[in-house]
Structure formats: structure tokens, C-alpha cells
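K.L.:
Have a look at this fold, sequence not included:
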């Protein structure tokens, strides 16, 4: 029999095991990204644009992003790319919808990426594709400790407590004031994307799994 489950993260695998799935029936294969398509722009010493991409929903931390923006220099452009039920409530912000074909250039136009997801009673960030894209684009990232985010970004991002606007703001402020720190995290993000998240890595893992199942 070929019944087998692919889990996105170790956290997902642990949840499946706790519900009675045999560990040897689960393989962790995460989402992957085309690191040739999502590539870094030349490093800029001055922060001009801070970017959020994703569903414009409360659980994605959109209002934490807004609160953070209000505490940071007015000279910086805060851009929110996405659609969602809270778009009307974000009228004071620069919110846009962009086709997926144009997303690589959106990341290339940013200097810092912020993903402030917050867990709810029934949801946590499973893995976050935008964090893969931001890593591939070589952006310094500030995100939150929830769901599968830690497994996604590893040491290639600054991680703060979900819902802690003060910590979020402070982490971004440090990036704004330290080009050296930004450059370090930008390089870490790009390196991780190429080594861990590239589609060739995912394709190889899928191939190995299918070969192993078919040879049983």
C-alpha cells in the first residue's frame, strides 16, 4: 500500500502523530520557491520602503503593521500588498493588489519585510509563502514566533512575540538604523532560500519519497 502523508513542518508532523498517525507514514516536505525568479536587488544603505505582503486580515497582523508604521519615521514608505476583508479599514495605508507575475519586482523595491502573523483560537501560520519569497529576494525580515514560521526562517530573520507592537517596532527600528545588521540578515535570508527553500531541493525530496514508496 502507498498511503503516506506529506507534512509541511515538524509541528504538523507532531500534530498528526498526536492524533494517531504512525511516524513512518509521514514525511516532511515544505513549500519551495524559485530563487532565480525571486532574486535580490542591489543593497541600499538607506531604508525607503518597508513591505507587508499577504491577506489583509487581522490574524495576519495588519493592524500591528499599521501601529508600527505610526511609530517609525514619516520619511519611510509603508507598503501593504494583498487583498482581504480589512482592506476598507486600512484606507490610510498604501494598500495595493499586484499580479503574481509582478511580485518579484515588489520585493526588489523593498528594504525590509515584515510578517506580523498572530495565532487565533483556530489558526496559526502554517508556513507562509511570502516569507519564502522575501528570503529569496534577500530582504531583512522581522516576523513572529507562531505556527511554522520558526521552521521556515530559521536564523535568517528577527523573530518577536506575536501581537507585541513595541517589540516589532523596535526590531524594525534597529534595522533602519543599522545598514550592517540589515546586510547581514539580507545575506542570511538569501543563503537560506538557496540552500533550503529552492525548488530544486523540494523536487529532489519529492522524487526520493516517490521512488522509495514505489520500490516497496
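P.N.:
On my side now, so go ahead. Remember, predicted model here, so these are calculated numbers, not experimental data. Numbers count the residues shown, from 1 in each chain.
K.L.:
what are the phi and psi values for residue 77?
P.N.:
For residue 77, the backbone dihedrals (degrees, to the nearest 10) come out as phi -90, psi 130.
K.L.:
I figured it was touching residue 49, is that so?
P.N.:
Yes: using Cβ atoms under 8 Å, residue 77 is in contact with residue 49, at 4.7 Å. Where C-beta positions appear, they are placed from N, C-alpha and C, glycine not excepted.
K.L.:
Would you mind measuring from the residue most central in space within the chain to residue 141?
P.N.:
In the chain, the centroid-proximal residue (Cα atoms, centre = their mean) is residue 131; its distance is 1.7 Å. Using Cβ to Cβ, to the nearest Å, one gets 7 Å for the distance from residue 131 to residue 141.
K.L.:
Now the common contact residues for those two.
P.N.:
113, 115, 153, 157 (Cβ atoms under 8 Å, 6 or more residues apart in numbering).
K.L.:
Which of these are buried? Put it as a PyMOL command.
P.N.:
In PyMOL, a selection of the buried entries from those looks like this (16 or more other Cβ atoms under 10 Å):
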select buried, resi 113+115+153+157
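K.L.:
And the shared contacts of residue 131 and residue 141, which two are furthest apart?
P.N.:
Pairwise distances across these (Cβ to Cβ) peak at 10.5 Å, for the pair 113 and 153.
K.L.:
what touches both of the two?
P.N.:
131, 141.
K.L.:
just to revisit the earlier point, from what I can see the residue nearest to the centre of the chain touches residue 115, true?
P.N.:
Yes: using Cβ under 8 Å, residue 131 is in contact with residue 115, at 5.7 Å.
K.L.:
what touches both of those two?
P.N.:
141, 143, 149.
K.L.:
And the strands in the chain?
P.N.:
Remark: strands assigned in the chain by DSSP state E are 5-7, 26-28, 49-53, 77-81, 94-96, 112-115, 141-144, 158-160.
K.L.:
I'd like these as a markdown table, with mean pLDDT appended.
P.N.:
Formatted as a markdown table, the strands of the chain follow (pLDDT from 0 to 100):
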| stretch | mean pLDDT |
| --- | --- |
| strand 5-7 | 93 |
| strand 26-28 | 93 |
| strand 49-53 | 98 |
| strand 77-81 | 98 |
| strand 94-96 | 95 |
| strand 112-115 | 98 |
| strand 141-144 | 98 |
| strand 158-160 | 98 |
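K.L.:
Could you save those strands as TSV and add columns showing distance to residue 37?
P.N.:
Compiled in TSV, these are given as follows (distance: least, Cβ to Cβ, whole Å):
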stretch	distance to residue 37
strand 5-7	23
strand 26-28	24
strand 49-53	15
strand 77-81	17
strand 94-96	20
strand 112-115	17
strand 141-144	18
strand 158-160	25
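K.L.:
What does the pLDDT read for the residue nearest to the centre of the chain?
P.N.:
What the model reports as pLDDT for residue 131 is 98.
K.L.:
try residue 3
P.N.:
Residue 3 is assigned 85 on the pLDDT scale.
K.L.:
what sits against it?
P.N.:
residue 25.
K.L.:
low-scoring stretches of this structure, by residue?
P.N.:
For the chain, the stretches with pLDDT under 70 are 1-2.
K.L.:
Name the surrounding residues that touch the longest helix seen in the chain.
P.N.:
Determined from DSSP state H, the single longest helix within the chain is helix 199-214. Here helix 199-214 makes contact (Cβ under 8 Å, 6+ apart) with 2, 4, 6, 27, 29-35, 195.
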